[in-house]
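**Q** Build me a structure from this.
(3 chains)
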Amino acid sequence: MLFPALLSIALGLTAAVAAASPLKIELSPAPGNPAAPRMGDRLAFHSVITNTGQQPIDGVIAWVGLLKVDPGHEQPVDLEDWSAQKAVTQSTLPPGGTIEVDWPLRLIEDGHYRLVASAVSRSGEIATSPLADFSVQRKPVVESSRVLPVAFGVPLLLLALLLHRSGLSSIFRRATRA
Amino acid sequence: MNAALVLARKEGGELLLGARGLAWLLAASGALSVFGLLLVSNSELSLLDNAQVVYDMAATITALGALLAVIVGSDAIAGERERGTLVPLLLTPLSRGGILAGKLGGQALTWAVIYVLALPYLWAVGSTGQNLAASMVALAVLGTPVVLGFGFFAMALSARLGMARSSLLSALICLMVSASPLLLGPGLRQSAIGKAFDTVNPFSAAVNAYDAIIIDSQTIGAQAASLIVVFIWFGLTLCFARRSFRGIVR
Amino acid sequence: MLVKVEGIAVAFDGAPVLRNVNLSLREGEIYGLLGPNGAGKSTTTAVVAGLLAPAGGRVRVAGMDPVTAADRIHGLMGMLPERSGFYDWMTAEEYLRFFAKLHGRDLGAAALRERLERVGLAPRPRQWIGTFSHGMRQRLGLARALLNAPRLLILDEPTSGLDPRGRRDIHDILIDLSRNHGVGILMCTHLLDDVDRLCRRIGIINNGVTVAEGDLGDLLAAQDCLARFQLHLAGEPPDAGLPAHAHLVARDGERYVIDLDPAVTADATWRELLFMGWPVTEIRREGGGLEALYLNATEQRIQ
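**A** Predicted structure coming up:
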């Protein structure tokens, strides 16, 4: 409960700062996104970064941040496995100019998520997009707790049998006794 | 006890008690273990749908079973001849047909061992049990004639060519040709030649049936076309083995 | 006649291996089949065993054709091929039990032990055949060949690679089988000492043709290949002279050269000489005998 409140306040403050900045960024889901995405599905979001000022903006960097917002399990998500598109840069954005960016995501884990896009310039202008919320449904996948014992146990059993039949087990016993 | 059954038990014993047979089983289980570990450790593979994983595992088990059947079959006559154990067999009252029956029984025992070894792997990856039982039945009903067919084919080559290495090489090439559509991917299988080959290929028939049963939740009874192909393959290879065994000399 | 082979011919891929081979073996007899490497000895035994069909000639084993009655003949014969492989992952008992079952016999542990002890193999319940020496494998192969109490035993180089004790043990077993159990034994071998000791009748094959066949004594006499020995004495021989089957060829002081009739073994002759009081200090073979017969026979070329 506390975390979303703090997040809202932080974003509100940022929005207030951003409101004065000529740098604007929008975030919207792609029209082809599945309605009820599951683990393993792919989502895409689209951003438009605009220079609403009269002066060019230098050194623009735009990126996305993903947050897991399940109650009691709120945490930022490392985008390592989720997305290859980590950040976009442009050396100069002329007045009225725009940058269009697509943010593809592979849904790795189930849960409720909040995506936000941000942009900064060299001179310190900052902008954040509206939040995009989505949920990922769980689907049945392979459980390591089942696979690991079988994957190691069966070969080990056969190896023990092989060693026994090869007589190596008796050599091992003699060696350890010595 | 029937002499052919005695021989079949000996073949099974060689697999389970001989160092060579155990090494083959160890290699097969190693391959399944690597596949299982990849499924849990690789982020791409770990997201695969459960039914897809069970289907992939069933296809892999069938391929491994066929590979082992080819190895065992190639050794059946030529290997015994090269090791000097064929003549003592030929000197028993066991006829050529009896030797064939014993060797066929050995092949069946080999596949049975692989099947039993593979069941824990299927259970491990089929965590929610979606079509898990159906996959085990499909593997038994469809995988058995495919695997044994390759074994019979290799045995026939072993009897005709007289050299274990030559028969193994020839049988492996045939196995790879049969499995090639699965390796080449769906695009090539959609071509006219690919479709024609798919129609008569026992491997394709079994794997397509696994797809229908495990992923699409169809029944085995609905796989008549695939069942016909695999059982024709089984019958043809059995006949080939019988004809080839008639001419065995020392 | 247990085995009768008349004029058999065999070819592999058009190349003749046997052209005209003859032999006959009676029950209770040990027949030595000799010849150089590649002469066709193993091929001949394969034909007799019904493993190979001859292109010409006639073969009868216990009155049956081995080609058409192979199953029945395999029930009355045992064979130890030259290159006999084993299932290395089995124990000796398991191996014999397996082959006994193939012959339709279910032997218990005691019976298996007896079969192994008969060939000089102590029971080794936990030792796999893969760890056996060559001599142990030969003995095990012989035990396998004797599983079904055969009337005919075919042995291809049964004592090759064995030490003198091992060879003597195998000889004793074969002599017992032929004399006391009436087993006819067809034995391929290069070892002339084995033939000398065991065989009354022999056949010599060269280039796929039988070049000598029949009673060993008759063959030696016919080829003028009586066994010749040089004896060195420590003094004068007794007045009784030599036994009837020993013939003085030459004498030079205390050195006597004698020929022995093939009907009597050299060992028996020396024992007799010692009992008669001959002061023999050294005996040396001077050629002749089976070696000369073999060398003469295998020098003949086919026209």
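
**Q** Now do C:V209 against chain A, distance only.
**A** C:V209 sits at a distance of 49 Å from chain A (criterion: C-beta to the nearest C-beta, to the nearest Å). Bear in mind the C-beta positions are built from the backbone N, C-alpha and C, glycine included.

**Q** Which residues belonging to stretch A:30-45 are considered buried?
**A** Buried residues in stretch A:30-45, counting neighbours by 16 or more other C-beta atoms under 10 Å in any protein chain shown, are found at A:P37, A:M39, A:G40, A:D41, A:L43, A:F45.

**Q** quick one: contacts for the first one?
**A** Read that as A:P37. A:L43, A:L107, A:F134, A:S135, A:V136, A:Q137 (C-beta atoms under 8 Å, 6 or more residues apart in numbering or on different chains).

**Q** let's see it at 7 Å
**A** A:L43, A:L107, A:F134, A:V136, A:Q137 (C-beta atoms under 7 Å, 6 or more residues apart in numbering or on different chains).

**Q** ok, now how distant is it from C:R126?
**A** Applying C-beta to C-beta, to the nearest Å, the value for A:P37 to C:R126 is 63 Å.

**Q** Please name the nearest non-neighbouring residue to the one residue in chain B that gets nearest to chain C.
**A** Here chain B gets closest to chain C at one residue, B:G84, 3.0 Å apart by C-beta to the nearest C-beta. Spatially, and ignoring its direct neighbours in sequence, B:G84 is nearest to C:G85 (3.0 Å; C-beta to C-beta, 6 or more residues apart in numbering or on different chains).

**Q** where does C:L153 land in three-state SS?
**A** Classification of C:L153 using DSSP: H, G, I helix; E, B strand; the rest coil returns strand.

**Q** Double-check C:I185 against C:I30; I have them as touching.
**A** Yes - under the criterion of C-beta atoms under 7 Å, C:I185 lies in contact with C:I30, with a separation of 4.5 Å.

**Q** any common contacting residues for those two?
**A** Residues touching both C:I185 and C:I30 by C-beta under 7 Å, 6+ apart: C:L174, C:S178.

**Q** All the strands of chain C, in order from the start?
**A** Per DSSP state E, chain C carries strands over the ranges C:3-12, C:15-25, C:30-34, C:56-61, C:77-80, C:152-156, C:184-188, C:201-206, C:209-215, C:227-233, C:246-252, C:255-260, C:280-285.

**Q** what packs against the longest one?
**A** It refers to strand C:15-25. strand C:3-12, strand C:30-34, helix C:41-48, strand C:209-215 (3 or more C-beta pairs under 7 Å, 6 or more residues apart in numbering or on different chains; DSSP states H and E).

**Q** Adjacent strands (with direction) for the second one?
**A** Each strand pairing with strand C:30-34, determined using DSSP bridges, is listed with its direction: strand C:184-188 (parallel), strand C:201-206 (parallel).

**Q** Give me the contacts around the helix or strand encompassing B:R81.
**A** Element membership for B:R81, per DSSP states H and E: helix B:78-83. For helix B:78-83, contacts defined as C-beta under 7 Å, 6+ apart pick out B:L86, B:L89, B:S158, B:L161, B:G162, B:M163, B:A164, B:S167, C:G85.

**Q** pLDDT below threshold where in the chain?
**A** All of this is about chain A. By pLDDT under 70, the low-scoring segments of chain A are A:1-19, A:140-142, A:167-178.

**Q** was after chain C, sorry
**A** C:223-226, C:262-263, C:287-288, C:300-303.

**Q** Can you tell me the closest non-neighbouring residue to the residue in it positioned nearest to chain A?
**A** When scored by C-beta to the nearest C-beta, chain C has C:W89 as its residue closest to chain A, at 6.9 Å. If the residues on either side of it in the chain are set aside, C:W89 comes closest to B:G18, at 3.7 Å by C-beta to C-beta, 6+ apart.

**Q** and the one you found, how many neighbours does it have?
**A** Residues near B:G18, counting by other C-beta atoms under 10 Å in any protein chain shown, number 20.

**Q** No further questions, thank you.
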